[in-house]
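[1] Sharing a sequence plus its predicted fold:
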2 protein chains.
Amino acid sequence: MKRVVGSPGTWSGMALRVSQCVFAAASSAAMSSAFGSLNYSAYFYLNTALVLQFLWSMGFACQDIFALRNKKDLHAEPELVLLRAIGDWVLAILMFSGSCAAASVTIFFMKDVKFCAEYRRLPCGQFELSVALAFITWSLQAASSFSGFWLVVSFF
Amino acid sequence: MKRVVGSPGTWSGMALRVSQCVFAAASSAAMSSAFGSLNYSAYFYLNTALVLQFLWSMGFACQDIFALRNKKDLHAEPELVLLRAIGDWVLAILMFSGSCAAASVTIFFMKDVKFCAEYRRLPCGQFELSVALAFITWSLQAASSFSGFWLVVSFF
């Protein structure tokens, strides 16, 4: 049971959580530091999702590190594994919708109305960077979700 | 096996496919008839996804009707069921990303920069209608995807 790659209390699971934290923090930092970005609904939504993602991954990263140090088995309670898997899925969907929304507004600025070329004050480079990092965060979160789903299926 | 709700060759499956067709066609019509909408990448992307969705659902609706009339079993070949399920998932993800992208640009027009109140020629009502219909299409497609996934799981 414990051999599912990326499941709670394994080295791969901890690595996934830590990298989710790092990418979510980097993406949120790039977005928050971009001048005026949070006035746009799509960017604000993405930033909220990123903060939630950071807190969620941080909590589980700490739990994984604790479990690894104390050789504790995190698979003992199926209810907790199920709850964790459901939370992972909800967060993955949230992150995906936020990334798509922010990407579409960024493409609108860059390609459709060419605001980026016209208004030099608009920090388009930072928007782009943040969206790219958000997509990486989402793919890491999707990996965690699939691993959690696999674990739940192997329980029931 | 054939009792999975919404699976190929059942009445519920056919009803799902037909309603996907109807909503995709309505959403695409609302988008295409909105003046200048296809100049925006997000709306163009949504429209492409809707056309793909329409063709895909139309094909399977016809197959379902044929199978129901001729009492043919569509579950005989596991490979085809698997391919259909994978296609359903890809299309559901495509539709979701398209709907989110179009919704975020519409919210940008309406709330963030208030273009809708300023430029009366911008058909914001049609954008809104199309996005709402696209989200309904996506949820119907998600239902088909889950039913297909369930069927695949019951095979293997």
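    Here it is on my side, so go on.
[2] Every contact and neighbour count from this point should use C-alpha atoms.
    Fine.
[3] separation between A:Trp56 and B:Cys21?
    38 Å (CA to CA, to the nearest Å).
[4] Name the residue in the two with the higher neighbour count.
    B:Cys21 (24 against 18; other CA atoms under 10 Å in any protein chain shown).
[5] What residues does the more buried one make contact with?
    By CA atoms under 8 Å, 6 or more residues apart in numbering or on different chains, B:Cys21 lies in contact with B:Gln53, B:Phe54, B:Leu55, B:Ser57, B:Met58.
[6] Please tell me how far the third one sits from B:Arg17.
    Looking back up the chat, that one is B:Leu55. In terms of CA to CA, B:Leu55 sits 11 Å off from B:Arg17.
[7] Out of these two, name the residue with the larger neighbour count.
    B:Arg17 (27 against 14).
[8] Retrieve the pLDDT associated with that one.
    For B:Arg17, the pLDDT comes out at 95.
[9] again, but for A:Arg3
    Reported pLDDT for A:Arg3: 68.
[10] Can you name the helix or strand that the residue nearest the centre of chain A falls in?
    With distances taken as CA atoms, centre = their mean, A:Thr137 lies nearest the centre of chain A, 4.1 Å away. Here A:Thr137, judged by DSSP states H and E, is contained in helix A:124-155.
[11] what about A:Val152, neighbour count?
    Counted with other CA under 10 Å, A:Val152 comes out at 18.
[12] show me the contacts for the residue of chain A most remote from its centre.
    In terms of distance from the mean C-alpha position of chain A, A:Glu118 ranks first, at 32.2 Å (CA atoms, centre = their mean). Neighbouring residues of A:Glu118 by CA under 8 Å, 6+ apart: there are none.
[13] same thing but at 10 Å, please
    A:Phe109, A:Met110 (CA atoms under 10 Å, 6 or more residues apart in numbering or on different chains).
[14] which regions of chain A lie under the pLDDT threshold?
    Across chain A, the ranges flagged by pLDDT under 70 are A:1-3, A:156.
[15] 80 instead?
    Applying pLDDT under 80 to chain A picks out residues A:1-4, A:74-76, A:155-156.
[16] What parts of it come near chain B?
    Taking CA under 10 Å from any CA of the partner chain, the part of chain A that reaches chain B is made up of A:39-43, A:45, A:93, A:96-108, A:111-113.
[17] Filter those residues down to the buried ones.
    Among these, those classed as buried by 16 or more other CA atoms under 10 Å in any protein chain shown are A:40-43, A:45, A:93, A:96-108.
[18] Quick one: residues contacting A:Ala15.
    A:Gly6, A:Cys21, A:Ala61, A:Asp64, A:Ile65.
[19] Where does the second one sit, in terms of helix or strand?
    Translated: A:Cys21. With DSSP H and E as the test, A:Cys21 turns up in helix A:11-33.
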